[in-house]
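Participant: Let me see the structure of the following:
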Amino acid sequence: MKIYQTLLLSLTCFCACKKNPGIPSNGYDPNNPSFKIGTTWVYHYTGYQPNGSISYEDDITFTIAKDTTINGAKYYVTSNNYYFGNKTSGYYEYDRNLLRENLFYKKPVTTGEMYQGDYLSIPPSTCLLKFNATVGNTDTTYTYSGKVYDKLIGYTLNNFSSNCQSLPTYSKEFYSTKMGLKIFSTFYSGSPSALSQKIELKTFTY
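Facilitator: All right, here's what the predicted structure looks like:
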């Protein structure tokens, strides 16, 4: 009987280890940024007139085509040549024209913290766009298309150009430290400022 009980206990432990409910075998981790070649996500864009009426709606798809290493860090490259990476210090974009890494969403952060960053350069324009970021709520949620996103960090980005004249604009951004992507943003322009564009993460397929 003792031998039988010992064997049964061993089998139970083996099965428990075998059925580890943690990270799925395909490599996706719901609590950490997970990407691979073929990972696809869709943002829904909505444009607004100054009076608040909708001027357009569109879906834009991003798909990971490959990954590469830049300055010792792993970057993912989408099919439209957008380079991004998630490091312990935050979400970065790589500017292929200026050959530099741009910290966009800084982490870890505290409410009220401020930092400055750069947007990607867009030739043939020579204007360099920058932003002053202020951190808002560091643990908020957002629901869209039946999906609830939690543990989001909110940022307000006040935009300006370092070498050109530009009208004041700002955006409110919500970044997921779990997914490693922007989940939701609103862009404001004009005088007085009015909502001109909204971007929402519609789907994500690992």
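Participant: State the next helix or strand along the chain beyond the helix or strand that contains Gly117.
Facilitator: Under the criterion of DSSP states H and E, Gly117 resides in strand 114-118. Of the helices and strands lying after strand 114-118 in sequence (DSSP H and E), the nearest is strand 129-135.
Participant: Distance from that following strand to the middle of the chain?
Facilitator: For strand 129-135, the gap between its own C-alpha mean and the chain's C-alpha mean amounts to 16 Å (CA atoms, centre = their mean, to the nearest Å).
Participant: mind listing what's buried in the strand holding Gly117?
Facilitator: Judged by neighbour count using 16 or more other CB atoms under 10 Å, the buried positions of strand 114-118 are Gly117, Asp118. Backbone N, C-alpha and C define where each C-beta goes, glycine included.
Participant: Sheet-wise, list the partners of it with their directions.
Facilitator: Sheet pairing for strand 114-118, assigned by DSSP bridges, gives strand 129-135 (antiparallel).
Participant: Buried residues, the partner strand. List them.
Facilitator: When burial is assessed from 16+ other CB under 10 Å, strand 129-135 yields the following buried residues: Leu129, Lys130, Phe131, Ala133, Thr134, Val135.
Participant: who's in contact with Thr69?
Facilitator: Neighbouring residues of Thr69 by CB atoms under 8 Å, 6 or more residues apart in numbering: Tyr75.
Participant: any idea which strand is longest in the protein?
Facilitator: The longest strand of the chain (DSSP state E) is strand 54-70.
Participant: Quick check: what element follows that strand along the chain?
Facilitator: Next element after strand 54-70 (DSSP H and E): strand 73-78.
Participant: Report the inter-axis angle for that following strand versus strand 54-70.
Facilitator: Inter-element angle recorded for strand 73-78 and strand 54-70: 140 degrees (by axes from the mean of the first three to the mean of the last three CA atoms, to 10 degrees).
Participant: before we move on, the earlier item: who touches the strand holding Gly117?
Facilitator: 95, 100, 102-104, 106, 128-135, 157.
Participant: Having no further points to raise, I will conclude here.
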